[in-house]
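Undergrad: Give me the fold of what follows.
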Amino acid sequence: MDTYYSKQTGGFYITALHGSTMPDDVVKITHEEHQSLLEGQATGKRIEASETGRPILSQQKVASVADRRLSTCTAIDNAAGAARTRFATNSAFIETEYQRAYDTAVQWINSGYQGEAPKPVKSDAEAFGRTEQDAAQTIKATGDYWFSQLDEIRNIRLKGKQAVENAPDDADFMAIAQPFVEQLERLEPDE
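TA: This next block holds a predicted model:
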């Protein structure tokens, strides 16, 4: 049974299984070469192609300190994004709608409920069967709660990223970030 390697796909092929469906760039390798490559891969080495397309073993590339920091900070940002979505939404248009309803409700409340209720307040009152003043107060209370939670998410996110940035280059950045990520994951809206 002949074994082949393709630089293009980085994969191994055998004639009995792949036949004429093998990529055009395959090179034949011996059974011993194949076994040696698999053993090397099992010990953490990487299989890649030489300039001639033959498979060779190489050391795994170690991510740079800057890449490890960036990857860890991205994990913190992603956890913060997931937390924000639990409290509000992941749609910019709906967030804008919420912000507009909040702003108009607060303005109307601060005016002492002077004049006609703003349209977002009226919509809320009609949709939920409450008075316009109750609707304005509910919109404000909900917005105040969301904003306080968004402030807490931001606080945790920035502290986590700063802890990673301030850590020595040889530190386990993910271990440093983990408590911050866990804090973000525990944040849940009140029912």
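Undergrad: switch to C-alpha atoms for all contacts and neighbour counts from now on
TA: Fine.
Undergrad: Give me the below-cutoff pLDDT ranges for this structure.
TA: When residues are selected by pLDDT under 70, those of the chain lie in 90, 191.
Undergrad: Longest helix in this structure, please.
TA: Across the chain, the longest stretch assigned as helix under DSSP state H is helix 132-166.
Undergrad: Which SSE is immediately downstream of it?
TA: Once the chain leaves helix 132-166, the next helix or strand it forms, by DSSP states H and E, is helix 173-186.
Undergrad: which helices and strands does that following helix pack with?
TA: For helix 173-186, the packing partners by 3 or more C-alpha pairs under 8 Å, 6 or more residues apart in numbering; DSSP states H and E come out as helix 65-87, helix 132-166.
Undergrad: Kindly tell me how buried the residue nearest to Asp124 when sequence neighbours are not counted is, as a neighbour count.
TA: Nearest non-adjacent residue to Asp124, counting by C-alpha to C-alpha, 6 or more residues apart in numbering: Ala135, 5.9 Å away. By the criterion of other C-alpha atoms under 10 Å, Ala135 has 23 neighbours.
Undergrad: cool, and Cys73?
TA: Counted with other C-alpha under 10 Å, Cys73 comes out at 23.
Undergrad: That one and Asp151, how far apart?
TA: From Cys73 across to Asp151, the span is 18 Å (C-alpha to C-alpha, to the nearest Å).
Undergrad: And for the strand or helix carrying Leu37, what's in contact with it?
TA: Using DSSP H and E, Leu37 sits within helix 31-42. With C-alpha atoms under 8 Å, 6 or more residues apart in numbering as the test, helix 31-42 has contacts from Asp2, Thr3, Arg46, Ile47, Pro55, Ile56, Leu57.
Undergrad: I'd assumed Ala125 was in contact with the residue nearest to Asp124.
TA: Yes: counting by C-alpha atoms under 8 Å, Ala135 does reach Ala125; the two are 5.1 Å apart.
Undergrad: quick one: Asp77 and Arg157 touch, right?
TA: Yes: Asp77 is within contact range of Arg157, at 6.6 Å (criterion: C-alpha under 8 Å).
Undergrad: okay, those two: which has more neighbours?
TA: Between Asp77 and Arg157, counting by other C-alpha under 10 Å, Arg157 is the more crowded of the two (25 against 20).
Undergrad: distance of the more buried one from Met174?
TA: 14 Å.
Undergrad: How about Ile94?
TA: When Ile94 is compared with Met174 (using C-alpha to C-alpha), they lie 33 Å apart.
Undergrad: For those two, indicate the residue with more neighbours.
TA: Between Ile94 and Met174, counting by other C-alpha under 10 Å, Met174 is the more crowded of the two (17 against 12).
Undergrad: That one is in contact with Thr72, isn't it?
TA: Yes: assessed by C-alpha under 8 Å, Met174 is found in contact with Thr72 at 5.9 Å.
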